[in-house]
Each structure stands twice: as C-alpha cells, then as structure tokens.
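>>> only the shape, not the letters, is given here:
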C-alpha cells in the first residue's frame, strides 16, 4: 500500500461529544445512521467514524464544532491523538505520550493535565486519524 492514496469515503458522524471536566466527554448522541451526517475524507479503515466535538477545553488544537475521525483498526501512535475509553464509562481525546506493557500515558490536547492509566482501567484506545473543520461535514 505504500505510495497509494486511499479513496475518499463518507465516514459517518456517530454522535456529538461535549467536552467536560478533566478532558472527559459525554456523548450527546451515539446512534449510527441517526442523521448526524458524514465527513468525506481519505481513509483505509472500513470502520472509521467521526465525532463532533463541542466545548473549548481542547483549544487551540481542536476547536468547538470541529470533528475527529476515529480509525479503530489503525495502531495508535505515540505523539498523536487518541480516543481513550475507560472501563468506568469515561471517554476522552488525548495525545498519546507512551505505551508500556502495563500502562499508557496521555496528556490533554491543550497541553494541560497528564495521566498515566493502567491497562486494567482501559476499555480501549483508538487512533484519531484526522481533525476536521465543520466545512467538511455533509448531510446524509
């Protein structure tokens, strides 16, 4: 696949995430195909999906009303943004600092709070493939 450009796909927007205290977010809607539209973007991940982010806690890297495209089949990379899901139900978008056999470390996108999370706390970690402005959104 090296050197090949992936095709433009309509990646479904599966919900809106309201950014909250300590970088966690609350999904305001989460039903695929519920009329949240889509983002047209290059991706090879057939399971890619997008979230609309609300709030200013991730400024200036991610602005209120922008989208993140999540690529669940991609390997999370150190130094890039990831979606972290915790077993207690909390979810957050953070920058991945490192992965160790027993833990990960993440930092807030705006350079704020740093967290070390043990693997037993994690439900999952998924790569953020892109941060997309609202102008790329299309209705279904």
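Thanks, I have the structure now. Computed from a predicted model, the values in this text were never measured in an experiment.

>>> ranges for the strands of the chain?
8-19, 24-27, 38-42, 49-54, 67-71, 81-86, 91-99, 103-108, 114-118, 122-132, 137-138 (DSSP state E).

>>> comparing the ones you listed, which gets the lowest mean pLDDT score?
Lowest mean pLDDT within the strands of the chain: strand 24-27, a mean of 58.

>>> list the beta-bridge partners for the residue lying closest to residue 54 once chain neighbours are set aside.
Excluding the flanking residues, the one nearest residue 54 by CB to CB, 6 or more residues apart in numbering is residue 18, at 4.8 Å. C-betas here are computed from N, CA, C, even on glycine. Residue 18 forms beta bridges with residue 26, residue 54, as assigned by DSSP bridges.

>>> begin at 773 from here
Understood, numbering begins at 773; the last thing we discussed is residue 790.

>>> how many neighbours does residue 790 have?
For residue 790, the count of nearby residues is 14 (other CB atoms under 10 Å).

>>> what about it, distance to residue 863?
The spacing between residue 790 and residue 863, counted by CB to CB, to the nearest Å, is 11 Å.

>>> neighbours of the nearest residue to residue 889 once chain neighbours are set aside, just the number please.
Excluding its sequence neighbours, the residue lying closest to residue 889 (CB to CB, 6+ apart) is residue 876, at 5.4 Å. Around residue 876 sit 22 other residues, with neighbours defined as other CB under 10 Å.
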